[in-house]
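[1] below are the sequence and a predicted model; questions follow.
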Amino acid sequence: MSARHYRKVAAVALATTVGLGLAACGSSSGNAAASAGGKTTIVVDCAPLKTDNGGKTLQQWNADVAAFEKIHPDVVIRSISVGAQCDNPPDFTARLQGGTQADVFYGYMTDLNQVLDADQAADITKYVNKDTVPNWDQITDVAKSAFTEDGKIYAVPFYSYTMGLVYNKKLFTQAGLDPSKPPATWQDVRTAAKAIAALGNGIVGYQDYSAQNTGGWHFTAELYARGGADVSADGKTATVNTPQAQAVLQTLHDMRFVDNSMGAKQLLGWADLLNNAGGGKVGMYIGAPDTVQSIVNQFKGSYADWAMAPMPGDNGPAQATLGGGNGYFFKKGDTPAQIKAGLEWLSFEELTPGQGQFNYVAQKAEGLPVGLPLSQLFTVGSATGKQIDTLAQQNTNLTLTDYAPYVNNPVKAIIEPPNAQAIYAVLDGPMGAVLTQPNANITQLLSDANTKIQTILSQGS
């Protein structure tokens, strides 16, 4: 199937819930449905939407389900969709509070604390090893650790990303810039953004988020690039009132009000920016490779226009970049048979080269994109990672050189902070202020944000 990476961010975008209603997600484990007719039934969420790639993605998913059930005749997969984002935070919280999540349910790497606080995840530690989950030993420690607490495993990661600079080659060329030499520093970004914005016609050189938690998410990524962090290494102390954080906000403020390269319309959420990009009005933004997929699938853009580079640094290479991703949790109360069936399904659909999300032959035959550097799930140099890369190169229908700067210059990844959603909500404020207020007091904004984040950390929620 096509890789189902709608938007793996800690933000809301499209709040529409489609497919079966929330009540349909709540297949109570241990009831008759879980083992009807001698078969084990599991409800799995985050099925593709009918609109994704003209329905081709859903067709591939359904074909995968049929193929899996043929191999495992004792298992029945009931797949449902829970919306374009799969994990829209308010809907996700509602499902947890109501206990209506699927037997095998999608979550972000930042969701573990919330899921555990709601007491809604099964401990799957004793079921997970390299024999029950092929390639488990080759998945990165960063991805695994995001779903592990006190040595106990609560979810299986299937996607891991790092953020970089996404840029419009077409606008670069029109602005007299060389698209084969993308900006490497924030100083370069600022220079290129001015040149692109000078094209006029509503085009902005660089665009950023400042609403719906996405502002705080991007602030964090840009802070990591400069060597800063939202919180201390032990997760106990807020650390956003720093020179690095000052530099993040000052750069954005100056691009907005001194250079006029970010456009007048601000307080943008996830869909706003990508819709503008799909319309050819955005020169650059920071994001993961799957955002290019979203620009094309949901906002009518073209793969031919886009390329990626590593995250920019401050007067040099980025010191780090934000890494994130997603996995599948198992609902507390799932039977051992359901957990085993769920692991078999995830192994088939998400973790095996040549199958499921890595079935590049089928994807190419359907005209789906092959070759985007979507996931860094497996360790660099691992046999599985190499096999997946080879399959992608053999079947690509994209221009891989567009992504070579990003792929060939990996930046150290740091996962999102603890209590990320609450922290991001706080940091939306400073991001919004410097993009809408010419006289924004950056020092005060960061001092206030630091105090609020410290309160969040102290409360542990």
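    Done, it's in. Numbering: from 1, shown residues only.

[2] burial check on residue 291, number of neighbours?
    The local packing of residue 291 (other CB atoms under 10 Å) involves 25 other residues. C-beta: built from backbone N, CA, C; applies to glycine.

[3] and the contacts of the helix or strand containing it?
    According to DSSP states H and E, residue 291 maps onto helix 290-299. Helix 290-299 has contacts (CB atoms under 8 Å, 6 or more residues apart in numbering) with 3, 5-8, 51-53, 84, 161, 166, 271, 274-275, 277-279, 285, 301-303, 306, 308, 369, 372, 374.

[4] just those residues: which are in strands?
    Counting by DSSP state E, these place 161, 166, 285, 306, 308 in strands.

[5] now compare these and name the two farthest from each other.
    Maximum pairwise distance in these, criterion CB to CB, is 15.8 Å, between 161 and 306.

[6] sorry, back to before: which one of the ones in strands among the contacts of helix 290-299 is nearest residue 195?
    Closest to residue 195, out of all of the ones in strands among the contacts of helix 290-299 and judged by CB to CB, is residue 285, at 16.0 Å.

[7] ok, now which ones touch the spatially closest residue to the closest one that is not a sequence neighbour?
    Nearest residue to residue 285 in three dimensions, chain neighbours excluded: residue 207, at 5.1 Å (CB to CB, 6 or more residues apart in numbering). For residue 207, the contacting residues are 262, 263, 268, 273, 276, 277, 282, 284, 285, by CB under 8 Å, 6+ apart.

[8] now do residue 409
    So residue 409 contacts 309, 310, 317 (CB under 8 Å, 6+ apart).

[9] now with 10 Å?
    With contact taken as CB atoms under 10 Å, 6 or more residues apart in numbering, residue 409 is in contact with 164, 184, 309, 310, 311, 317, 318.

[10] quick one: buried ones out of the residues you listed?
    164, 184, 309, 310, 311, 318 (16 or more other CB atoms under 10 Å).

[11] next one: the fifth one from residue 414, what distance?
    The gap separating residue 311 from residue 414 is 11 Å, by CB to CB, to the nearest Å.

[12] next: the second one.
    For residue 184, the distance to residue 414 equals 20 Å [CB to CB].

[13] helix or strand with the lowest mean pLDDT in this structure?
    helix 22-25 (a mean of 34; mean pLDDT, DSSP states H and E).

[14] wait, doesn't residue 148 sit right on residue 121?
    No: at 11.4 Å, residue 148 and residue 121 do not qualify as touching, with contact defined as CB atoms under 10 Å.

[15] what touches both of those two?
    In contact with both residue 148 and residue 121: 112, 154, 155, using CB under 10 Å, 6+ apart.

[16] so which of those residues sits lowest on pLDDT?
    pLDDT is lowest at residue 112 among the shared contacts of residue 148 and residue 121; the value there is 91.

[17] what's the burial count for that residue?
    Number of residues near residue 112 (other CB under 10 Å) recorded here: 21.

[18] now do the contacts for the closest residue to it other than its chain neighbours.
    Using CB to CB, 6+ apart and skipping the chain neighbours, the partner closest in space to residue 112 is residue 147 (5.8 Å). Neighbouring residues of residue 147 by CB under 10 Å, 6+ apart: 107, 109, 111-112, 115, 121, 124, 153-157, 325-329.

[19] among those, which lie within helices?
    112, 115 (DSSP state H).

[20] which of the contacts of residue 147 fall in strands?
    Among the contacts of residue 147, DSSP E puts 107, 153, 155, 156, 157, 325, 326, 327, 328, 329 in strands.

[21] can you list those in CSV and add distance to residue 59 and neighbour count?
    Output for those, formatted as CSV (distance: CB to CB, whole Å; neighbours: other CB atoms under 10 Å):
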residue, distance to residue 59, neighbour count
107, 25, 25
153, 32, 22
155, 27, 27
156, 25, 25
157, 26, 25
325, 25, 27
326, 22, 29
327, 24, 27
328, 21, 25
329, 26, 27
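
[22] hey, where'd the strands end up in the stretch 51-200 of the chain?
    75-79, 104-108, 148-149, 152-153, 155-162, 164-168 (DSSP state E, counting those that start in this stretch).

[23] so which of the ones you listed gets nearest residue 139?
    strand 155-162 (6.2 Å).

[24] redo the contacts of residue 207 as JSON lines? Include pLDDT, distance to residue 379 and neighbour count.
    JSON lines is the format used below for the contacts of residue 207 (pLDDT from 0 to 100; distance: CB to CB, whole Å; neighbours: other CB atoms under 10 Å):
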{"residue": "262", "pLDDT": "98", "distance to residue 379": "37", "neighbour count": "23"}
{"residue": "263", "pLDDT": "97", "distance to residue 379": "40", "neighbour count": "19"}
{"residue": "268", "pLDDT": "97", "distance to residue 379": "35", "neighbour count": "25"}
{"residue": "273", "pLDDT": "97", "distance to residue 379": "32", "neighbour count": "24"}
{"residue": "276", "pLDDT": "97", "distance to residue 379": "36", "neighbour count": "21"}
{"residue": "277", "pLDDT": "97", "distance to residue 379": "32", "neighbour count": "27"}
{"residue": "282", "pLDDT": "98", "distance to residue 379": "33", "neighbour count": "26"}
{"residue": "284", "pLDDT": "98", "distance to residue 379": "30", "neighbour count": "26"}
{"residue": "285", "pLDDT": "98", "distance to residue 379": "28", "neighbour count": "21"}
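
[25] before I go, just wanted to say thanks for your time.
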